[in-house]
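Asker: Below is the structure, and that's it, no one-letter string:
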């Protein structure tokens with residue numbers, strides 16, 4: 001199955017602008033989603049340590065599950081931060097392979113948002129659906145940029161081959 005493509009980002013801008021915008025959005029979201037859970041985890045541990053030992057025993061499993069959840073969340077957003085940097089660098093230096101990590105993480109995000117559609121009450125469906133559609137559009141835009149950059153590199157290699165007498 002072939003992935004749909006777009007010729008322009010938001011129907012007007014060159015795909016490279018889309019690469020910078022999407023990479024920048026990834027950076028902003030990642031920084032926020034790394035910072036806030038980290039502060040939250042720190043506060044949980046401070047509160048946990050303020051309890052006496054018997055209360056700590058009762059809360060230990062809950063704290064461990066929360067730390068695992070927030071640890072995985074922060075790990076994902078560290079990867080997304082790296083993907084955002086790679087999208088910006090890949091766009092700037094015209095390196096299509098730099099866009100692959102973003103595409104993998106976007107697929108994970110879209111699948112997780114799709115699964116959330118069945119978990120949340122009706123009122124929460126609107127933002128989840130919005131982020132699912134936005135993720136799909138970002139995937140299509142970056143895939144279009146990937147294809148464009150890859151074809152430019154192939155054309156450059158072909159023209160260099162002809163100039164060198166091959």
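Answerer: Sure thing, it's come through. What you are looking at is a predicted structure, and each value in this text was computed from that prediction instead of being measured.

Asker: who's in contact with residue 45?
Answerer: Taking Cβ atoms under 8 Å, 6 or more residues apart in numbering as the contact definition, residue 45 lies against residue 63. Glycine gets a C-beta too; all of them are placed from N, C-alpha and C.

Asker: Please give the element, helix or strand, for it.
Answerer: With elements taken from DSSP states H and E, the one containing residue 45 is helix 15-50.

Asker: can you tell me the average pLDDT over that helix?
Answerer: Over the span of helix 15-50, the pLDDT mean works out to 89.

Asker: for stretch 92-100, same thing?
Answerer: For stretch 92-100, the per-residue pLDDT averages 94.

Asker: Find the residue closest to the most centrally placed residue in the chain in space, skipping its chain neighbours.
Answerer: The C-alpha lying nearest the average C-alpha coordinate of the chain belongs to residue 80 (Cα atoms, centre = their mean; 4.3 Å). In space, and not counting its chain neighbours, residue 80 is closest to residue 30: 4.6 Å by Cβ to Cβ, 6 or more residues apart in numbering.
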